[in-house]
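Chemist: whatever this is, show me its structure:
(one chain, ligands or ions: 1)
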Amino acid sequence: MENSIPGIHHVTAIAGNPQANIDFYAGILGLRLVKLTVNFDDPTTYHLYYGDGQGHPGTILTFFPWPNARRGRIGTGQVTVTSFAVPDGSLDFWEKYLQQRRVNCKREKSLLGEEILALTDPDGLQLELVSTPHADPDRIWGRGPVPPEFAIRGFHHVTLAEEGYERTARLLTETMGFRLIESKDNRFRYTASSDSASQAGAIVDVLCTPAGRPGLVAVGTVHHVAWRTPTDEQQVEWRKALGEYNVTPIIDRKYFHSIYFREPGGVLFEIATDPPGFAIDEPAEKLGSHLVLPAWLEPHRAELEEVLPKVRLPQAKGVSA
Ligand code: ZN
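Modeler: Residues are numbered from 1 along each chain as shown. Coordinates of the predicted model:
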């Protein structure tokens, strides 16, 4: 069987205040909160999932909000920038829209020549909106605050900062099926897609920064990036293929099944299955509208609701409360 990685599955980062996180990602950037649940490894804290209307793989940004934790440091061995795709011609809208909402943002031309808008979230996480004709117009949340024609269309790419890039490059190209498509100065761009028209969301940039300081994972930094695999069968194959990287057993994350390993530069990689998806425990129409717990925690709902910070959830347009 020929394994392939269709692209990014999700990116998971650490946030501070959960309300500020919801207000920014759902209330301003216009992603849908597709799941409000708890961190299965620490159920007294939330796990927030954002995405397009259905939470398709390739659109999902997730957060562990740790309200009392310290700020981390963005640096080598991390995903330093998470980049979303927006349709060509929409950056004028976004720049004005974000400025009106007092979000610092900056129009730039990227090293590889793309028009981008760089911004940071309330915890200092580095984001970009990349103007591209190659993003799927169906991968949006059409009932958020951003008009559908400008809405975020899933991920464009992630940037990994590495002290040295050779061993990471070898993993990407020789084992994971990526190929180098562009490079300039210290930036090397790889894609898992064979077709340039469907590249958005299948790109990883490796930034070689030998003099950079190592990152420290805490509030305002990315915890890991997950790559897609279409089936459980292919995931088993991946686990074999990645044997030398100390890969974990397959872990049931309820909405997908996961394996984890650290790439040679130190970034935590996950490979996550496309199925079963977010509609497994609440109807697609109701995604993110209330706290969902896994079955083994349901008996503790009352205690958990007592300790979890109260949050105000976003209201979808066209739905009465
Ligand atoms: Zn993950």
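
Chemist: who in this structure is up against the ion?
Modeler: 12, 226, 270 (CB under 5 Å from the ion). Just so you know, the C-beta spots here come from the backbone N, C-alpha and C atoms, and that holds for glycine as well.

Chemist: now the buried members of the residues you listed.
Modeler: 12, 226, 270 (16 or more other CB atoms under 10 Å).

Chemist: now stretch 45-54: how far from the chain's centre is it?
Modeler: Centroid separation for stretch 45-54 versus its chain: 10 Å, with CA atoms, centre = their mean, to the nearest Å.

Chemist: Three-state assignment for the closest residue to residue 29 other than its chain neighbours, please.
Modeler: Distances taken as CB to CB, 6 or more residues apart in numbering put residue 152 closest to residue 29, at 6.3 Å, once the chain neighbours are dropped. Classification of residue 152 by DSSP: H, G, I helix; E, B strand; the rest coil places it in coil.

Chemist: number of residues surrounding residue 152?
Modeler: As a burial measure, residue 152 scores 28 neighbours (other CB atoms under 10 Å).

Chemist: residue contacts, it?
Modeler: Contacts for residue 152 (CB atoms under 8 Å, 6 or more residues apart in numbering) come out as 29, 30, 31, 59, 84, 85, 86, 129, 140, 146.

Chemist: give me the buried entries from those.
Modeler: Applying 16+ other CB under 10 Å to the contacts of residue 152 flags 29, 30, 31, 59, 84, 85, 86, 129, 140, 146 as buried.

Chemist: name the SS class of the first one, please.
Modeler: Same thing as residue 29. coil.

Chemist: burial count for residue 91?
Modeler: Around residue 91 there are 19 residues (other CB under 10 Å).

Chemist: I meant residue 214, not that one.
Modeler: 12.

Chemist: wait, a helix at residue 169?
Modeler: Yes. Judged by three-state DSSP, residue 169 forms part of a helix.

Chemist: returning to that earlier point: so which of the contacts of residue 152 belong to strands?
Modeler: The strands, defined by DSSP state E, take in 84, 85, 86, 129 from the contacts of residue 152.

Chemist: quick check, the second one in contact with residue 199.
Modeler: What that stands for is residue 85. No. Residue 85 is beyond contact range of residue 199, at 9.5 Å (criterion: CB atoms under 8 Å).

Chemist: show me where the stretch 51-200 of the chain has strands.
Modeler: For the stretch 51-200 of the chain, applying DSSP state E, counting those that start in this stretch gives strands covering 60-65, 78-87, 105-109, 115-120, 126-132, 155-162, 179-184, 187-191.

Chemist: could you list the paired strands of the longest one along with their orientation?
Modeler: Here strand 78-87 has these sheet partners by DSSP bridges: strand 126-132 (parallel), strand 155-162 (antiparallel).

Chemist: circling back to that earlier point, need the overlap of contacts for residue 85 and residue 199.
Modeler: With CB under 8 Å, 6+ apart, residue 85 and residue 199 have common neighbours residue 134.

Chemist: where does the chain have low pLDDT?
Modeler: When residues are selected by pLDDT under 70, those of the chain lie in 1-2, 196-198, 318-321.

Chemist: let's see 90
Modeler: 1-4, 41, 134-135, 164-165, 193-200, 315-321 (pLDDT under 90).

Chemist: contacts for stretch 134-142?
Modeler: Contacts of stretch 134-142 (CB under 8 Å, 6+ apart): 30-32, 51-53, 56, 58-59, 85-87, 148, 151-154, 156, 196-201.
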